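Novice: Predicted model, plus sequence, below.
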Amino acid sequence: MILNKLKRRRPMRQVTVQTIEQVTPRVRRIVFGGETLAGFPVPRPGAHIKLLFGAGADPKKMRSHMRTYTPRSFNPDTNELTVEFVLHGHGLASTWAAEAQVGDPLTLAGPGGGMDIPDTLKTMVMMVDESAMPAAGAVLEALPAGCTPMVVCEVEDAQELRSLSATVEADPTWLFRQEQAASPGQVLENYLPEVLSKVKDSDDVLWWIACESNAMGRMRSQLLNQKNVSKKRLVTRGYWKSGASNHPDHDYGES
Ligand SMILES: Cc1cc2nc3c(=O)[nH]c(=O)nc-3n(C[C@H](O)[C@H](O)[C@H](O)COP(=O)(O)OP(=O)(O)OC[C@H]3O[C@@H](n4cnc5c(N)ncnc54)[C@H](O)[C@@H]3O)c2cc1C
């Protein structure tokens, strides 16, 4: 039943690992290829794909073996799809990525979701952790001319510094969890007042916050309730949740 539903929604594509690049100690960039990627739709900024790890065709195992990732880029000329994995040390996907070898098979589906970015946007505020940096890179590349990005990235330590995009300069503010012995998302949250002091909120500003779910919820609440940021211009995503395996992909912090 679940298998049928998933098949109806999006075709499952069998791919293999083409190349692996260790970008930082905690991030691996893996390029997937295969003829089944022919016709893969160009992903919208902030889109997601579903990766299925070793469940075979057993419908009972599919949900628990599926994880959500960002299609960082797709090259239709070579049918190559790039995904950037955070190696966080636990979990099916992180372990798979840490151990992946060229030639390994994987099943994926998508893309789905993603954002509409208004042509008139003047400022894009992005506050993200490592799991949302691939999406932040894709969003940066989709910003209209004349839009200024303000990007804040929370990472473990200075070894995690990296460029978000090969084509768009962003000059992010880097915040280090390790330096502040902070829980995930906490340094982003602590930095929110600084961001608010720099951004004059108006109809031309879009806020995008994607990180650990609990921290995202607290930041969302501050922006909505204390700073009166309009819901229409605030996109918040819990990309993962501390202590929860396979956190749902539709955590927008709206209760
Ligand atoms: C739309 C969307 C796009 C995403 N894109 C990406 C992406 O491009 N790259 C990426 O790396 N992640 C991305 N994520 C996050 C990813 O789906 C989760 O991190 C997922 O939980 C990883 O699965 P897992 O099997 O490794 O760990 P799980 O089995 O889900 O969790 C095992 C344990 O690890 C913890 N954990 C999970 N993720 C993290 C993390 N990032 N840091 C620290 N601890 C963690 C959990 O709290 C749990 O305790 C995205 C999520 C969404 C919703």
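Specialist: Here it is on my side, so go on.

Novice: so what pLDDT did P43 get?
Specialist: pLDDT, P43: 92.

Novice: OK, contacts around it?
Specialist: Residues near P43 by CB atoms under 8 Å, 6 or more residues apart in numbering: I49, P71, F74, G110, P111, G114, A138. C-beta: built from backbone N, CA, C; applies to glycine.

Novice: Ok, S230 next?
Specialist: D203.

Novice: State the distance from it to E254.
Specialist: The spacing between S230 and E254, counted by CB to CB, to the nearest Å, is 14 Å.

Novice: What are the boundaries of the strands in the chain?
Specialist: 12-24, 27-33, 47-52, 66-69, 73-75, 80-86, 105-113, 123-129, 148-155, 173-176, 205-212, 234-240 (DSSP state E).

Novice: Pull the residues that contact the fifth one.
Specialist: With contact meaning CB under 8 Å, 6+ apart, strand 73-75 is reached by L37, F40, V42, P43, E80, L81, T82, A138.

Novice: circling back to that earlier point, in a markdown table: the strands of the chain, plus mean neighbour count and mean pLDDT.
Specialist: Formatted as a markdown table, the strands of the chain follow (neighbours: other CB atoms under 10 Å; pLDDT from 0 to 100):
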| stretch | mean neighbour count | mean pLDDT |
| --- | --- | --- |
| strand 12-24 | 16 | 97 |
| strand 27-33 | 20 | 98 |
| strand 47-52 | 21 | 96 |
| strand 66-69 | 22 | 97 |
| strand 73-75 | 17 | 97 |
| strand 80-86 | 22 | 98 |
| strand 105-113 | 19 | 95 |
| strand 123-129 | 25 | 98 |
| strand 148-155 | 21 | 98 |
| strand 173-176 | 17 | 98 |
| strand 205-212 | 24 | 97 |
| strand 234-240 | 23 | 97 |
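
Novice: so Q159 sits right up against Q22, yeah?
Specialist: No: applying CB atoms under 8 Å, one finds Q159 not in contact with Q22, separated by 11.4 Å.

Novice: tally of neighbours for the residue of the chain found nearest the ligand?
Specialist: The nearest approach of the chain to the ligand comes at G91, 2.2 Å away (CB to the nearest ligand atom). The local packing of G91 (other CB atoms under 10 Å) involves 16 other residues.

Novice: thought it was touching S245?
Specialist: Yes: using CB under 8 Å, G91 is in contact with S245, at 6.4 Å.

Novice: gap between F53 and P184?
Specialist: According to CB to CB, F53 and P184 sit 23 Å apart.

Novice: Neighbour count for these two, which is higher?
Specialist: Neighbours were counted for F53 and for P184 using other CB under 10 Å; P184 has more, 21 against 17.

Novice: so what's the more buried one up against?
Specialist: Contacts of P184 (CB under 8 Å, 6+ apart): D129, E154, R177, C211, E212, A215, S242.

Novice: Can you give me the distance of it to V86?
Specialist: 11 Å.

Novice: Ok, R10 next?
Specialist: Using CB to CB, we find R10 at a distance of 24 Å from V86.

Novice: repeat for D116
Specialist: In terms of CB to CB, D116 sits 26 Å off from V86.

Novice: go on, V23?
Specialist: Distance of V23 to V86, computed by CB to CB: 10 Å.

Novice: hang on, Q178 packs against D157?
Specialist: Yes: with contact defined as CB under 8 Å, Q178 reaches D157; the gap is 4.4 Å.

Novice: sorry, back to before: could the contacts of strand 73-75 be laid out in CSV, adding distance to R67?
Specialist: Formatted as CSV, these follow (distance: CB to CB, whole Å):
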residue, distance to R67
L37, 19
F40, 18
V42, 22
P43, 16
E80, 20
L81, 15
T82, 16
A138, 18
